[in-house]
Structure formats: structure tokens, C-alpha cells
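# After the sequence you'll find the predicted model.
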Amino acid sequence: MGLSGGTADKAGNRYENWWTALKVADLLRGKVSRIRLEPGEVIDHFGASGQTGIIDGTEIRVRRPAAGRKDRDRFISGKSKRNAVKTMVLTDQNGRMLFSSPATPGSCADITHARRLGLVKLLTGGPAVEILAGVGYQGLGAQAGGRMVTPSHRTFKKNVPDWYEETRERQRKAHSSRRIRVEHGIAHMKNWRALARHLGRREHMSDMIQAVAGPLSHQQTADLEPRRQR
């Protein structure tokens with residue numbers, strides 16, 4: 001079920017955030033089955049507003065699948081070596097949550113997850129935007145026509161000049177300082193106890209993640225408004 005309203009307003013308009021909160025209540029009452037925030041509409045919002053987007057993946061620990069299940073190893077994260085599911089988060093430059101993808105098993109790489117969600121097609125076929133991403137998304141920048149910015153690949157493998165290391169470290173820190181807001185958005189999302197570590201059924205994780213994303217986005221919008229009025 002997609003958000004109602006105009007394309008450019010769906011991600012950033014306060015009314016739409018209230019609409020999402022009401023639909024979460026419907027979800028909890030069993031009137032609807034799921035809520036889906038659409039990444040294409042978020043890209044359109046960035047294009048209309050001129051804001052920079054920030055993308056990152058995060059893991060949520062889950063119960064280990066029962067012994068004997070053929071897909072048991074799919075949930076083992078290559079990064080943390082724990083059983084987890086992964087979601088891709090897209091925020092604006094202030095760290096406000098605008099999109100959270102359905103959950104995928106923890107063994108799925110960030111770049112693979114982004115490709116399966118059709119992010120490359122959305123960026124190449126959409127408005128001119130800038131999306132900041134981490135090293136896990138290296139390679140998508142060229143595929144997306146330069147609209148996704150990632151840290152540069154290491155040029156030297158051996159006998160690295162001192163000037164290169166200094167320059168690369170400055171570029172890395174500058175990129176990280178711009179991306180740090182997405183980490184704040186993820187931290188706020190994981191303040192919800194159900195997403196800190198999920199002990200229930202893994203099949204419900206996609207709905208739970210996206211049910212949290214709507215009210216969280218509204219709360220972050222309310223927190224940002226007093227700063228804009230100063």
C-alpha cells in the first residue's frame with residue numbers, strides 16, 4: 001500500500017507523515033496488512049527540494065533458524081557473523097527517515113540489496129540528485145551516472161606515497177562527516193525495542209521496520225521545525 005498524495009510531497013510533507021501514523025494504527029488494529037514507503041517518491045522529493053540524500057544498510061539481530069532448515073545460513077551476516085536481517089535506510093541531509101526497505105537475510109551484501117530494490121534504475125531515470133553512500137556501495141556511482149557518491153577506491157596497493165594516504169584520509173573524513181546523519185537516523189530507529197533485537201518471527205520484520213519508519217519520520221520532522229524557526 002503506497003502513500004497517498006502528490007509525488008513530490010509524499011516524503012517530506014507533514015500531512016503525509018500524520019497519514020502514515022494513522023495507517024500504522026490501522027496496521028496494529030489489523031485493518032491493513034502492511035505499509036510501504038516507495039523509494040522512487042523519495043528520489044523525486046530530493047529532486048524537487050534540492051536536498052542531498054544519505055543511504056546506508058543496517059542489521060537487526062534475529063533468532064537463529066531451527067536446525068535442519070535448508071536456508072539456515074542465509075541469515076548469518078558476513079559483517080557481524082550473527083543471525084540478522086538487513087534493511088536499507090534512506091534519509092535526508094538532516095538524518096530524517098524517509099525510506100526503509102523490506103528486510104532481507106543478513107548474508108545479502110549492501111550493494112546487492114540496493115540493486116534488487118531497483119535503486120540504479122530510479123537514479124538514472126529520475127531527477128538529478130546527490131546520494132551519499134558508504135564503501136559497501138562502491139561501484140553503484142558509475143552505474144547511477146555519478147548520482148551516488150561513495151569513497152574512492154584505493155589506487156595504490158603497495159609502496160603507497162605519504163601524500164596519497166594524507167589526501168585519501170582527508171577525503172574519507174570529509175565524506176564520513178557528511179554521512180553521519182544517517183547513523184543518527186538508524187540509531188533513533190533502533191531505540192524501538194522491537195528492532196534492537198527481534199525474538200519473534202522473522203517473517204514479520206519487514207512490516208515492523210516500515211511501521212516504525214513512519215512515526216519516526218514524523219517525530220524527526222517535529223524535532224527539526226523549532227531549529228528552522230530560530
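Right, received. Where do you want to start? Numbering: from 1, shown residues only.
# What is the burial count for Arg115?
16 (other CB atoms under 10 Å). In short, each C-beta sits where N, CA and C put it, glycine included.
# which residues does it contact?
Leu140 (CB atoms under 8 Å, 6 or more residues apart in numbering).
# State the distance from it to His45.
22 Å (CB to CB, to the nearest Å).
# what comes up buried for stretch 57-69?
Gly57, Thr58, Glu59, Ile60, Arg61, Val62, Pro65 (16 or more other CB atoms under 10 Å).
# start to end distance for it?
Stretch 57-69 has an end-to-end distance of 26 Å (criterion: CA to CA, to the nearest Å).
# got a list of contacts for it?
By CB under 8 Å, 6+ apart, stretch 57-69 touches 71-72, 75, 77, 79-80, 82-89, 103, 106, 110, 113, 136, 186, 189-190, 195-200, 202, 205, 209.
# and if you look at stretch 170-189?
52, 54-56, 58, 89, 91, 93-97, 100, 132-134, 149, 151-152, 195, 209, 212-213, 216, 219-220.
# 7 Å instead, please
54-56, 58, 89, 91, 93-97, 132, 134, 151-152, 195, 212-213, 216, 220 (CB atoms under 7 Å, 6 or more residues apart in numbering).
# Next, the buried residues of it.
His175, Arg179, Arg181, Val182, Glu183, His184, Gly185, Ile186, His188, Met189.
# swap in stretch 141-151?
For stretch 141-151, the neighbour count (16+ other CB under 10 Å) marks Gly141, Gln143, Ala144, Arg147, Met148, Val149, Thr150, Pro151 as buried.
# Just the ones of those residues in strands?
Met148, Val149 (DSSP state E).
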